[in-house]
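Student: build me a model from this:
(2 chains)
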Amino acid sequence: MAYKSADDMVMGTALHPVSEGFGLKIGAGYVIPEINYAPRPGTEKDPAKLRKEYVDYITTDVLNRAVTAGFPAVHLETEWVSQMNQESLCAPVVAGQKEVCEKFHEEYGIACGVRQTIPDQREHDMGLRPGMDSAHAYPEKFFECCDFACENGADNLSVESVGGKEFADYAVTHGDIVAFLFGVGYLGSIDMDYIWNQMVDIAKRNRTVPGGDTNCSGANVSMFMAGGMMDNDVQKTFSAITRAIAAARTLVAWEAGAQGPDKDCGYEGIICKAIAGKPTTQEGKNCQCAHCDLMGNLTAQVCDCWSNESVEYHPEFGGTSVQCWLGSLGYEVALMNTAIQTHQEKTLRDLYCATDMTRSPESYILAYENAYEIGKAIAANGDNYYLRSKAAAEKAIEIVEKGYNSKVLQLTKKQYEVLADCKKKIAALPTEESKFVEKCVKDFTGVVPNFNMKNYGL
Amino acid sequence: MHAAEGDPHDIGKNIAAVMTRAAGYTVIDLGRDVPVKEAVAKCIEIKPLFMSGTALMTTTMSAFPAEAKLMQEAGLNIPLMGCGGAVNREYANSYDLGIYSRKAPQTPIIAQKILDGYDWKRIRAEWDEIVGGN
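Tutor: Coordinates of the predicted model:
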């Protein structure tokens, strides 16, 4: 564990800060707003239009507003649209954003940089590894995109990779926690190791910071489908456990040499930060443009960058959408930084945490003291992907159960039943990795669509 | 049903397919990242009750108006249902043939109306009543 105790973790400071872009120091004693955006429909049709949208409108608007409002630093995130897997579309955007950042940094002194998040378009039915997908060559394009991003000036290289997604989809829609454990915790980790070692090499060759990942296609889908208080399609005890498993998987990027900050939408970053001490981007109350969740304040507790998840570029009363949401992020971050400067960051952290901790089992396991315990369970199992994912799930179950039994955390009858069912299924699993894999291959072959061990080099 | 060209996000489409099948309809699931021409060619071939597409990205939902145009050029006047996280009712109603479904459970409800003889214009006009105002 990077930290001796959960209480050592605070917002804005990571044990291993990262320098990137033009004067950005992430995790070096202050929190930075991270703004993410999507271009308007139709702008993808030609390179000039797409460049104009991202560079002349979005990036320029963001930096103009940051300077106008007096925000000293901003991290931009460009999540590539699928069409950007062509160099003619992505290169002008990446290079153009870099130019605008440099101009604003030189003119106004603002610290800024762009995270380029490449698309992982690999399809499980066609094949995840190079040479397998003869129809689209998506695995090859994946690594080409890393090259395009880094060669054209990306400050940070990140991705939301899809290893294990075929199992995550099945697990979430069937309430099968073992399928999630095998797919995301085991196979997903193997895929992370495969792609991230190469991504780190590409990034380092080009002096780009290799950032990180998040389990968007698993933990985020699970949470999104679990929804709010009025939704019951996926039980929140189930989605809470998936989040803990996802932490064991997302950590692999940092083990492969990525430096952070990781990405936000899977919400597992706090667990990873507790283990590795690298900076984390989180999202919550200021990402309502993208989705509603039940932990809006809590996730700010130990963040290093604070994100809006994503917003479509369009006009609002207060400016363009990216300007409005940067304002929302920037002022929240100003509060965090004021707390840091006045040595009250632990007080603010605890207030953020207390505000939402008992709103749902998902937020309960992510409360920093609980997240730290899950981190310990993962770390205690070293580099065994199966055992550490299993331990993360078991610890999350234990934490939720204790919270419920002590009457701190409320659960519905259905949520408790699902928790008990997950506990029973995980307790029945073997302790040897080989036996677990053998069982899962037997149980899920022909059951989980597009399951192919060759996708994972097995 | 299909997830739009360039879009790998298909869990919503899969859920809608399950719910529509459960309501007694035959669903031809074309998968994800389906090229515009391929989706339209299948429609021309099988002449379904309606076609639906999902998109989670702002730049992939542009496939729907492109599909609608090709469908009309081929003389197909069936509704084209636009769905998914990036899509809203205003967008789905912004091109001929386009109708909207916000959530997977609404798809079989709207399908029933199409089966009852409602065309895309009537679905649009009575959408609130059809899906219960949500």
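
Student: for the rest of this, base every contact and every neighbour count on C-alpha atoms.
Tutor: Fine.

Student: helix, strand, or coil at residue A:19?
Tutor: Under DSSP: H, G, I helix; E, B strand; the rest coil, residue A:19 falls in the strand class.

Student: got a list of what the spatially closest residue to it that is not a sequence neighbour touches?
Tutor: Spatial nearest neighbour of residue A:19, excluding adjacent residues (CA to CA, 6 or more residues apart in numbering or on different chains): residue A:25 at 4.4 Å. Contact analysis of residue A:25 by CA atoms under 8 Å, 6 or more residues apart in numbering or on different chains lists A:17, A:18, A:19.

Student: partners of the second one in the sheet?
Tutor: Think residue A:18. residue A:26 (DSSP bridges).

Student: what is the burial count for it?
Tutor: For residue A:18, the neighbour count with other CA atoms under 10 Å in any protein chain shown is 18.

Student: that one: what's it in contact with?
Tutor: So residue A:18 contacts A:25, A:26, A:27, A:28, A:259, A:260, A:261, A:279 (CA under 8 Å, 6+ apart).

Student: and if we set it to 7 Å?
Tutor: The contact partners of residue A:18, taken as CA atoms under 7 Å, 6 or more residues apart in numbering or on different chains, are A:25, A:26, A:27, A:259, A:260.

Student: so how many other residues sit close to the third one?
Tutor: Think residue A:27. By the criterion of other CA under 10 Å, residue A:27 has 28 neighbours.

Student: then the fourth one?
Tutor: Counted with other CA under 10 Å, residues neighbouring residue A:259 total 24.

Student: so how far is chain B from it?
Tutor: 27 Å (CA to the nearest CA, to the nearest Å).

Student: need the nearest residue in space to that residue, chain neighbours excluded.
Tutor: Nearest one to residue A:259, counting by CA to CA, 6+ apart, is residue A:211 at 5.4 Å.

Student: all helices for the stretch 151-300 of chain A, in order.
Tutor: When secondary structure is read from DSSP state H, counting those that start in this stretch, the stretch 151-300 of chain A shows helices at A:165-174, A:177-180, A:189-205, A:221-226, A:236-255, A:269-276.

Student: and those helices, which one is worst for confidence?
Tutor: Least confidently modelled of the helices of the stretch 151-300 of chain A is helix A:221-226, at a mean of 92 by mean pLDDT.

Student: buried set for the lowest-mean-pLDDT helix or strand in chain B?
Tutor: Within chain B, confidence by mean pLDDT, DSSP states H and E is lowest for helix B:11-22 among all helices and strands, at a mean of 93. Residues of helix B:11-22 classed as buried: B:11, B:12, B:13, B:14, B:15, B:16, B:17, B:19, B:20 (neighbour count, 16 or more other CA atoms under 10 Å in any protein chain shown).

Student: ok, now which ones touch the fifth one?
Tutor: Right, residue B:15. Counting by CA under 7 Å, 6+ apart, residue B:15 makes contact with residue B:104.

Student: surely residue A:276 and residue A:3 touch.
Tutor: No: counting by CA atoms under 7 Å, residue A:276 does not reach residue A:3; the two are 8.4 Å apart.

Student: these two: who's more crowded?
Tutor: Higher neighbour count among residue A:276 and residue A:3: residue A:276, with 21 against 16, using other CA under 10 Å.

Student: so what's the residue count around the nearest residue to the more buried one once chain neighbours are set aside?
Tutor: Using CA to CA, 6+ apart and skipping residues adjacent in sequence, the residue nearest residue A:276 is residue A:2, 5.2 Å away. Neighbourhood size, residue A:2 [other CA under 10 Å]: 18.

Student: could you do residue B:129 as well?
Tutor: Using other CA under 10 Å as the criterion, residue B:129 is surrounded by 10 other residues.

Student: host element of it?
Tutor: Using DSSP states H and E, residue B:129 sits within helix B:127-131.

Student: report the distance from that helix to the chain centre.
Tutor: Taking CA atoms, centre = their mean, to the nearest Å, the mean C-alpha location of helix B:127-131 is offset from the chain mean by 16 Å.

Student: wondering if stretch A:104-119 reaches chain B at all.
Tutor: No: counting by CA under 7 Å from any CA of the partner chain, chain B is not contacted by stretch A:104-119; separation bottoms out at 9.8 Å.

Student: ends of that stretch, how far apart?
Tutor: 28 Å (CA to CA, to the nearest Å).

Student: which ones are touching the residue of the stretch 51-200 of chain A found nearest chain B?
Tutor: Among the residues of the stretch 51-200 of chain A, residue A:82 lies closest to chain B, at 5.5 Å counting by CA to the nearest CA. Residues in contact with residue A:82, defined by CA under 7 Å, 6+ apart, are A:119, B:6.

Student: can you tell if the helix or strand bottoming out on mean pLDDT in chain A touches chain B?
Tutor: The helix or strand of chain A with the poorest confidence is helix A:221-226; it has a mean of 92 (mean pLDDT, DSSP H and E). No: judged by CA under 7 Å from any CA, helix A:221-226 and chain B are separated, with a smallest distance of 8.6 Å.

Student: contacts for that helix next, please.
Tutor: Counting by CA under 7 Å, 6+ apart, A:172, A:232, A:233, A:234, A:235, A:236, A:239 sit against helix A:221-226.

Student: so how far is it from its chain's centroid?
Tutor: 14 Å.

Student: which of the contacts of residue A:25 sits closest to residue A:101?
Tutor: residue A:19 (15.1 Å; CA to CA).

Student: any idea which helix or strand carries residue B:81?
Tutor: Assigned by DSSP H and E, residue B:81 belongs to strand B:80-83.

Student: and the next helix or strand after that strand, how far from the chain's centre?
Tutor: For strand B:80-83, the following helix or strand on the C-terminal side (DSSP H and E) is helix B:89-92. Centre-to-centre, helix B:89-92 and its host chain are 12 Å apart (CA atoms, centre = their mean).

Student: going by contacts, tell me the helices and strands next to helix B:89-92.
Tutor: For helix B:89-92, the packing partners by 3 or more CA pairs under 7 Å, 6 or more residues apart in numbering or on different chains; DSSP states H and E come out as strand B:98-100.

Student: now residue B:108: closest residue in space that isn't a chain neighbour?
Tutor: In space, and not counting its chain neighbours, residue B:108 is closest to residue B:20: 5.0 Å by CA to CA, 6+ apart.

Student: and the furthest pair within the contacts of residue A:18?
Tutor: Pairwise distances across these (CA to CA) peak at 12.2 Å, for the pair A:25 and A:259.

Student: check whether the closest residue in space to residue A:59 that isn't next to it in sequence sits in a helix, strand or coil.
Tutor: Once flanking residues are discounted, residue A:59 sits nearest to residue A:97: 6.4 Å by CA to CA, 6+ apart. Three-state assignment for residue A:97 (three-state DSSP): helix.
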